[in-house]
Structures are given as C-alpha cells and as structure tokens.
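Q: What would the 3D arrangement of this be:
(chains A and B)
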Number of protein chains: 2
Amino acid sequence: MYLTQFLHRAIQQDAQRVLTVFGDRTRTVAECVDRVARFAHALRSLGVRPGDRVGIMALNSDRYHEFLLAVPWAGAVTNTVNIRWSASEVAYSLVDCRTDVLLVDDALAGLLPALRKEVPDLKTVIFCGDGPQPDDTLNYEELIAAHEPVEDARRHDDDLYGIFYTGGTTGRPKGVMLSHRNMVTSAMGTLATLPVVSKGGRLLHAAPMFHLADIAAWAMGLLAASTHVIVPSFTPAGVAEAIARHRVTDALLVPTMIHLLVNSPEAADADLSSLHGVLYGASPISEETLRQARERLPNAAFTQAYGMTELSPVATLLSPTDHDDPVRSRSAGRAVAHAEVRIVNPSGAEVPLGTVGEIAVSGDHVMLGYWNKPEETAAALRDGWMHTGDGGYMDENGYVFVADRIKDMIITGGENVYSIEVENVLTNHPAVAQCAVIGVPDKDWGERVHAVVVLAPGASATAEELRDFCRPHIANYKIPRSVSFTDALPISAAGKILKRELRERYRAG
Amino acid sequence: MYLTQFLHRAIQQDAQRVLTVFGDRTRTVAECVDRVARFAHALRSLGVRPGDRVGIMALNSDRYHEFLLAVPWAGAVTNTVNIRWSASEVAYSLVDCRTDVLLVDDALAGLLPALRKEVPDLKTVIFCGDGPQPDDTLNYEELIAAHEPVEDARRHDDDLYGIFYTGGTTGRPKGVMLSHRNMVTSAMGTLATLPVVSKGGRLLHAAPMFHLADIAAWAMGLLAASTHVIVPSFTPAGVAEAIARHRVTDALLVPTMIHLLVNSPEAADADLSSLHGVLYGASPISEETLRQARERLPNAAFTQAYGMTELSPVATLLSPTDHDDPVRSRSAGRAVAHAEVRIVNPSGAEVPLGTVGEIAVSGDHVMLGYWNKPEETAAALRDGWMHTGDGGYMDENGYVFVADRIKDMIITGGENVYSIEVENVLTNHPAVAQCAVIGVPDKDWGERVHAVVVLAPGASATAEELRDFCRPHIANYKIPRSVSFTDALPISAAGKILKRELRERYRAG
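A: Next comes the predicted model:
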C-alpha cells in the first residue's frame, strides 16, 4: 500500500482528466505525474535520500498538491509546516525532525531570515510561490524544467509518509509519524464507510493543506478521481467564488468556516447549488449553524468526522441522516470501517455504555508513534490502542459523545461538567453567535463554569438573561456562574477554539 | 486488520439488527455473536489449536455464515470445501492441508464413508444440517448449547484466514492461502471503489458460499451492515422467492444464474423490484443476457467483477454505466482502488496499450501463496505481482479486456483466436442460448476453432447458418470451422464453463 498508487491508477484510467485547478491554472493527471516525477528527481539531485524529511511552509496551491506526491515519489518523508506558527515554533519542528530542505511561498517567505538563524542545518530553500523570488532560494519551476522524470520510489506499507506536528492547543508540538499504510487505510476505509467524497467530483481545498484533515480529504479525492479545486486560504468570498465558478461538489470545512460562508454578505449572491457534500470536523457544529447552512446549501449533505492527526485522522463519522436525530446529532457518530473504538477507564478496561471515559481507538490507521518521543508514544499507544485524551461516552448504538478533552473537563463543587453540553444550550440563544465554556479557578467551588460569548451582530443579551435561558435545559451546577463577552474567540489553524488561551485570559476573573 | 472486526463493529452499532435470514430462521447480530463465540469455544474444546484448519462441506446456510466467523474467532483457519467435487478430490484437499475437523450437512453427508477411509486423520465430524444426524458425528447445535462464549482470538494482518482450493478448471487443486489483511483490504477497497453492496441492505447468498466470490461479497456485507439472506443453493424459483419475500436489495450471481433467473418460467411471476444491485463475475455476461436481465430487473445496476481466488478475489470492476458503452461493456472494467493492474510480457515488463499479454496484479489483496507449493507460488508471485495466467490487453483508459486464459487461447494456422470474441458474436444469434468456443486438434491448422452450442428452447439452427451469422462480425480465421450442438455445457461450481472438459470431449471429432 502506498499513497502514490492512487496517482498511478489515475494515469492509467484518466490521464487527460483535470486533476488540479488553482486560480486560472489547471493541470491534467498526465501533467501532474510528469511534474511530480521531475520534482522528485530534483529533490534527489539536491541530496535528498530515502527517508529524509522535506518540508513545506506555504498557503494552499496546486504545487502543494504536487509536493505531497513528489516527496514520497522521491523516497522521502513530508513535513507540512503549520503556517500559523511563529518562526521559533516552526524552527523547533524543523530542527526536531531534521528537515533540511524546505519549500516556501510568497506568503510565508517573511519567516525565512529568522529560520535561517534558528535552523543551522537548513541547507536548501525552494521558492514555490508566484511572486518575486527571495534571495538564496531555488526556483520550483526551474527545478522541474531542469530535471527529467524518474520512477516512483514506491515507499510503502510501514514506511513513513509524513511527520505531522500537532499540539497547538495543548503544549509543545509533537511530530506524529504516519505511514503509507496509515494514509491508504484511512482513505479506503473512510470511503468504504460513507461516500464522503463523491466519485469524479470537484473537491474544494479551503482548509489549510498542511493539516492532516485536508490531506486526508485530498487522499480520498485521489482515490475517488476528484478534481482538486484549491484556494490559497479560506475567505468567504474566495470560497463562494470558487464553488460557483468550478461547480464544486465536495468540501472539507470546519464549523467556523461554514458559519462564515453561510453568513457572510460577500458570499450571499454566489450560486452554491453544486455543493453536494460537506465533510466537517475539528469541532461539532452548532444547531444554529447547521440550520443556516442547510438553508443556504440546500443540496449539501453534512457529515461530521471526529478524530485526530494520530488517527490519520478519522475515528468516527456522523452521517447526514444522523444529523436529523435530536440526540444522535449531538454525537460524533460511529466507528468507521477500519477503526475499533472503545471507551476505557485509566487502566484500559472498557467502561459501561453511557459512562464517560477516555476514547481509545485501534486499527491500521493509528500512527506509528511520535517522532523521537518514546515516552509520549508509550503513553499514547498502549497495546495497539491510541488513547486520544478525549473524554466521551458511547450509547447502545455505538454513537460516541465526545466530552471535552479530559484535561479540559470542569470540576465544580465535585461535579464533572463537560463544556460541550453547556455550549450546546447557549448557542441556541438567538443573541449568541459563538461561545466557549471553560473552568476558571474559584475559591468556593474549586473551578467555576465560565462562558465566553460572542454576540450576533446587532444583538444584545446580559449574563443573567443567558443564565435564565439555560435553566430549563441543564442542571444548576452546569449553568455558567459568570459570563464574559468578547468580539472573537481565539481559533487554531485547524479551526479549534483555543481554550487554553481562554483559560489564561480569564484566570484572574 | 481482521475479518471479525466487522462483527465487533456490528454488535457495537446494531446488536438487534437481523444479521441472517435462512428459510424461516432469522438471527440478530447479538445472537450471531453469542453463537459464534460459543462455537469457537467448542472448537477449542475439540482440540483445535491456533492456526489449525477447520473444514466445512455443506450447502449454504446461516450456520455456514457462523462457521466463517467462528473459526477465526477460535484462532483457526477456514477450509471451505468445493461441494461439486468427488470424494477423492475432497479427500485430496483435506489431506493436503491437514484438516482434521470437518463440518458437514445433510446434502453432503453421503461422502462421509468414503472420506473417513481416504482421510485417516479426520478425527472430528460435526453435523451442521437440520435432518437426521449421521453416525459418529457431533451435533452443531448441541456443541453451541454446551459451551460458554469465549473471547475472539483476534488473529489479524498476515495471519491466515483461510485456505481456498482452486483448480477445478485447470488441473490438480492448489490451496490458496488468504490472510486477514487480504480479506479486509478486499472488502474495504472494493467498496471504496464502487458501492457494489448497499449500506444496510439485504444481500442474497445464492452462489455457493464455499467459493471466495461469495465469501468476499459476504465480507462486504458485514462491513456494509447488510442482512444476509441465504438460500441453500441456486434454483430460479428459490432465488425468486427469496428476493420477493425478503425484499433483497443486492446479489452476487454468475451470468449463468442471471440467465436462468430471468428466463425461467417458475420465476416469471415473482416481484423482483427490490433488487438494486447485481454483482456478477466468473465470466462476462452476453449482450443478450444483459438485455433480458435489464428488462426483468429494471431497478438493478449491474457491476462486473473480474479476478480470481488468489486476488481475494477482485482485480477490476466494470461499473453499471460502463455497461452502456458498446466497447467498454466488453471489458472487465478497471483496477479497483486497492489493486495495481498491468499487462506484462513473459519477462514481466509492461506491454504497450492494446497489446495482449498476461494480466498481472499487485496489492495487499494478493494471496500469501499456495499451501505447501513453493514452486507454484514462486511461478505465480514474482516481485509481489500475481501473474494470473489470464491473457488480456488494456486500453488508454485502463479498461482491461480479458482474452482467454493463456493456455486456452486457440492458435489456428498461426493466428491467435480468443474465444470470448467468437462467443460474443455467436450468443447474439437468436437461436443460441449458450455457447463455448474451444480449440480442437486439426491436422491442417494445428488447432481449429470449434463451437459448442446450446440452442434456445424450440429454436433451431445449422452449423452453416451460425457460420454465416458470424461472417460480418469477425475475421474468417476466427469463424468456427466446426459446430457441435449439446443440451447443456459443463459448468464448474463457480459458474465457469469447464472448457478443459469440452476440449477432452471434442478432441476426437
């Protein structure tokens, strides 16, 4: 099993099909294979040896897509850099896994001077943008033109495909090692479970391509003979324009993006009727956003994916029809075909149905481990089971209800409160556009339930009104004892609300 | 990866769903898991050790389905016996892979006395039928009642799932060793390619369950949460009744069965409207049979699978829409997601498009090898590629056109003739119900193209009329120089026409 096999299959079956669309640039399968095979040759000429890491720090583009194929084609390992990180965070990850060849585009080139200082081994920088070329960089297109195509190295099975750094929300980054088998199993198993990417459709890449969520959707698109429609980054107007212009059929988005797309005035006039499938993840979708999204995107079926980078990344799917069930729609769905999912106690034993424990997952999609971190690997991978660190419970039909990350659970007066439950109630209030519920230190209760609320434009509500609104729906100890109003919530590149940041901000009270 | 993981997923998600229907007997997922876990315990009590072979020689039933799960649950390896074989052929396969525990039903119990003589190691026979119990056998239901459930042994990945004997059409049987990874890859990859078994539907088992074609469909049904509707064996009336009564949605059939189902007077009144998907294999479908089938089964989409036991068993699929293309409909379709398919010359190099060579396949679905046959294994598996022995060519869109088995190709006057091409023409003649084209020795031409024809009921045609009918469609040297008329063609259990037998029969004349 190897990821590039989908490209071999594509050239055998549809060489002249359009594979990528980026702005006004389109490339066929045959063109892509030729460019990938040439760039792989260039990488080898630059001294990249089997198993070496090659990095990319760039906005989305068709060249990003080529990178994801050319690096394994050359026999090397991808390292897709989080573009929201500071120079020193990026430097940490490049040094950690010894990435000495890096692709960079216009948007991220500004970090280069700092990186060159902090990463002494960074020997080769390749400019993959379309603007003016920075100093001391090689040019991507010139490298392609200067090298003949080579054969695919066909790294496979347990060979490393990429190292994906995670940890933006929970501390120092860890490099998640994913193999070719992890990637292919995930793509085949997810599609065998539900047709989340349609056959021969047009798949939008608006979520950042460095993140495994989008890379996994991309791999499914390769399998499903999709045309990849790529925009540099998410903007409501840009995405609406791309959908309308290229008749996009499928998209991976996060709820925040869906919220912005369907509520943004700049996207209000676009014809979005071609969109038939929306796969979303990173966080649950609020009932209100789902309602608005279904109104604005009447042809789209919504599927939620729950998982994490360590799971390549899907563990469970919530099907479109499950979204219509008032209870199941609050879950993360059920195990995909290639995953086993259990809820376990700290000693690893399964807990009864309905009882909150840690979500654990096994299967061929579970990472090989964390790069250079044997202790963290041993803590996460026990007897072949990935311990996600997420709390949750399972119902009698296998639906997984994800509570907060275990560390994020609020303990107030000895009672456990999962913030998602409180958030689900609050977002139903008409004045609430977005909210996050956290625990803050409290001398009486240990922790106190605190809500951080973004009001809808033009709307108003007091803390007391919101508390009254919660009262019929949840137990008294779960009702926020305090409420802060803010203009925007801090969001990670993957679309997750950065609760750690909120806790620090509101710690004082 | 292991096959029983689909059963674990089923009990987590749908414990009360009906899993099997056999006559008036229905069993839920929970009942099935309980029975499988008990029978696995019984097998262990009978001395079955990890990796031991357990055989079954029976018509289709819900107990056959339980066998396919209970044997790996116990840690053992399945050996599903070809029920068309003579006692000595069966004995050969049992001795070859040392199967000393055998399940047998009413229909096959007649072979027991001979087997006991020829298989000295056969120590335990378990009767899994519903009729009177033969002497010296244990009772399946009593064993289940007498044993508590045990935990799944969870054999996985490269552990052997089963040994499947093939070779009915080409010589002495070989035991194809398929692993759990082979089986799961095949199920996931095939469903990821095309939805050949619908989610939550009712899947008919009318093809013999000992054959890997049906076992592979069954594995997809396990993944897709199907209810398995099982009939003991194929009869037009029995299948029509089962489809109508249980609202069957999906079926695996061979073209001969499709032909009989849609033409049989006993099946003419049944409501077959629930049938939405028909997967067929073993041989291409004639245009005439397809036309009749589409008329009688207007809601059914037809998908052709091409492969062999050694490929678990699918290599390519011909999609429903491809059936509407006059050229592509004559092919076996294109590589599934988990397979790489190439056409190679005798030294293993790829031949140009349109050139006939040997079809070679690689992927995680390729068998581990032939049991106890290192030479045959080395000849078939070279550099990870399964050399199928089938001749064929590929077009510029990856469609594989399967010619005869290489050994079956007719060489007449120095010209190669692929019998399928001749057969396709002949079956279009209104008087021809079925036909097979073979090469017979000829003093002038080396071999001579010979047609064996079954006429449609009440129809008549002379050899000369059939030859005239062929003339506008194929080159002169491909037109049958001689024609025999017969009442029925010899058919293997898998639905393949036994050309070897025909060649022997018509060698003289």
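Q: Show me which residues of the stretch 1-150 of chain A sit near chain B.
A: Those residues of the stretch 1-150 of chain A that sit near chain B, judged by Cβ under 8 Å from any Cβ of the partner chain, are A:Met1, A:Gln5, A:Phe6, A:His8, A:Arg9, A:Gln12, A:Gln13, A:Asp14, A:Ala15. To be clear about C-beta, it is placed using only N, CA and C from the backbone, and glycine gets the same treatment.
Q: and A:Glu396, how many neighbours?
A: 12 (other Cβ atoms under 10 Å in any protein chain shown).
Q: if I look at it, how far off is B:Ala30?
A: 11 Å (Cβ to Cβ, to the nearest Å).
Q: again with A:Gly439
A: Counting by Cβ to Cβ, the gap from A:Gly439 to B:Ala30 is 40 Å.
Q: the more surrounded of those two?
A: Counted by other Cβ under 10 Å, A:Gly439 and B:Ala30 do not tie: A:Gly439 has more neighbours, with 22 against 15.
Q: That one touches A:Val452, doesn't it?
A: No. Using Cβ atoms under 8 Å as the test, A:Gly439 is too far from A:Val452 to be in contact (11.9 Å).
Q: All the strands of the stretch 101-250 of chain A, in order from the start?
A: Secondary structure of the stretch 101-250 of chain A by DSSP state E, counting those that start in this stretch: the strands cover A:124-127, A:138-139, A:160-166, A:174-179, A:202-205, A:227-230, A:250-253.
Q: next one: the stretch 351-500 of chain A
A: Under DSSP E, counting those that start in this stretch, the stretch 351-500 of chain A gives strands at A:357-362, A:369-370, A:381-382, A:385-394, A:400-405, A:410-412, A:415-417, A:432-442, A:446-455, A:482-485.
Q: Can you list the buried residues in the longest helix anywhere in chain A?
A: Ranked by residue count and defined by DSSP state H, the top helix of chain A is helix A:29-45. Using 16 or more other Cβ atoms under 10 Å in any protein chain shown as the test for burial, helix A:29-45 gives A:29, A:31-44.
Q: next one: stretch A:232-252
A: Here stretch A:232-252 shows A:232, A:234-236, A:239-240, A:242-244, A:246, A:248-252 as buried, counting by 16+ other Cβ under 10 Å.
Q: now swap in stretch A:7-21 and tell me
A: Result for stretch A:7-21 [16+ other Cβ under 10 Å]: buried residues A:7-15, A:17-21.
Q: same check, this time on stretch A:430-445
A: Residues of stretch A:430-445 classed as buried by neighbour count (16+ other Cβ under 10 Å): A:Ala431, A:Val432, A:Ala433, A:Gln434, A:Cys435, A:Ala436, A:Val437, A:Ile438, A:Gly439, A:Val440, A:Asp442, A:Trp445.
Q: Do me a favour and average the pLDDT over stretch A:344-359.
A: For stretch A:344-359, the mean per-residue pLDDT is 90.
Q: tell me which residues in it are buried?
A: For stretch A:344-359, the neighbour count (16+ other Cβ under 10 Å) marks A:Val344, A:Val356, A:Gly357, A:Glu358, A:Ile359 as buried.
Q: sorry, back to before: okay, the buried residues of stretch A:7-21 in a markdown table with secondary structure and pLDDT next?
A: Converted to a markdown table, the buried residues of stretch A:7-21 look like this (DSSP: H, G, I helix; E, B strand; the rest coil; pLDDT from 0 to 100):
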| residue | secondary structure | pLDDT |
| --- | --- | --- |
| A:Leu7 | helix | 97 |
| A:His8 | helix | 97 |
| A:Arg9 | helix | 97 |
| A:Ala10 | helix | 97 |
| A:Ile11 | helix | 97 |
| A:Gln12 | helix | 97 |
| A:Gln13 | helix | 97 |
| A:Asp14 | helix | 96 |
| A:Ala15 | coil | 97 |
| A:Arg17 | coil | 97 |
| A:Val18 | strand | 98 |
| A:Leu19 | strand | 98 |
| A:Thr20 | strand | 98 |
| A:Val21 | strand | 98 |
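Q: circling back: which residues are common contacts for A:Glu396 and B:Ala30?
A: Residues touching both A:Glu396 and B:Ala30 (Cβ atoms under 8 Å, 6 or more residues apart in numbering or on different chains): B:Ala15.
Q: Nearest residue to A:Leu368 in space, please, no chain neighbours.
A: Closest residue to A:Leu368 apart from its sequence neighbours, by Cβ to Cβ, 6 or more residues apart in numbering or on different chains: A:Met177 at 4.3 Å.
Q: Please apply the same query to A:Gln16.
A: A:Thr28 is the one closest to A:Gln16 (Cβ to Cβ, 6+ apart), at 5.4 Å.
Q: wouldn't that neighbour be in contact with A:Ala10 here?
A: No. With contact defined as Cβ under 8 Å, A:Thr28 and A:Ala10 do not form a contacting pair (9.8 Å).
Q: what touches both of the two?
A: With Cβ under 8 Å, 6+ apart, A:Thr28 and A:Ala10 have common neighbours A:Arg17, A:Leu19.
Q: which bits of the stretch 251-400 of chain A sit near chain B?
A: So far as Cβ under 8 Å from any Cβ goes, the stretch 251-400 of chain A lies against chain B at A:Arg334, A:Ala335, A:Ala337, A:His338, A:Glu340, A:Val341, A:Gly363, A:Asp364, A:Met394, A:Glu396, A:Asn397, A:Gly398.
Q: Great, nothing more from me.
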